[in-house]
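In: Sequence and predicted model, in that order:
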Amino acid sequence: MLIDDLDGDEAQETVSFGIDGTGYEIDLKTQNASRLRDALAPFVHAARKVPAKPGRMVRGAKSRNAPTREHSADIRSWAQANDKPVSDRGRIPQTIVDEYNAAHG
């Protein structure tokens, strides 16, 4: 199950987009995905497509507080056991990570 990164509801899709050479992904429910696409539509319509080049897209730097894959599994298990909304894959909301860290010192 995906969780909407904006409002915590169940999400239906992961939307990818980029700006200033940085790529982003966000899990969104259908309504929020439409809002994002509608907001970007005038800019996309006026823009020029740039062919993708290998290595051209710069990934965003990971936060120092970003959990490792193993740590993520622990956080997801804890969140599910404590009835916290967390998806089986994708980014774990920072609020859940913070709650986990507070509970585990």
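Out: The structure has been received and is ready for your questions. Numbering: from 1, shown residues only.

In: what bits of the protein have low per-residue confidence?
Out: 53-67 (pLDDT under 70).

In: Tell me which stretches of it form helices.
Out: For the chain, the helices defined by DSSP state H cover 30-46, 69-81, 94-103.

In: Mean neighbour count and distance to residue 12 for those helices - can I get that in JSON lines?
Out: Just so you know, the C-beta spots here come from the backbone N, C-alpha and C atoms, and that holds for glycine as well. Putting the helices of the chain into JSON lines (neighbours: other C-beta atoms under 10 Å; distance: least, C-beta to C-beta, whole Å) gives the following:
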{"stretch": "helix 30-46", "mean neighbour count": "12", "distance to residue 12": "5"}
{"stretch": "helix 69-81", "mean neighbour count": "13", "distance to residue 12": "20"}
{"stretch": "helix 94-103", "mean neighbour count": "14", "distance to residue 12": "20"}
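
In: Residue 3: which of the ones you listed is closest?
Out: Closest of these to residue 3 is helix 94-103, at 9.0 Å (criterion: C-beta to C-beta).

In: just checking, what packs against that closest one?
Out: helix 69-81 (3 or more C-beta pairs under 8 Å, 6 or more residues apart in numbering; DSSP states H and E).
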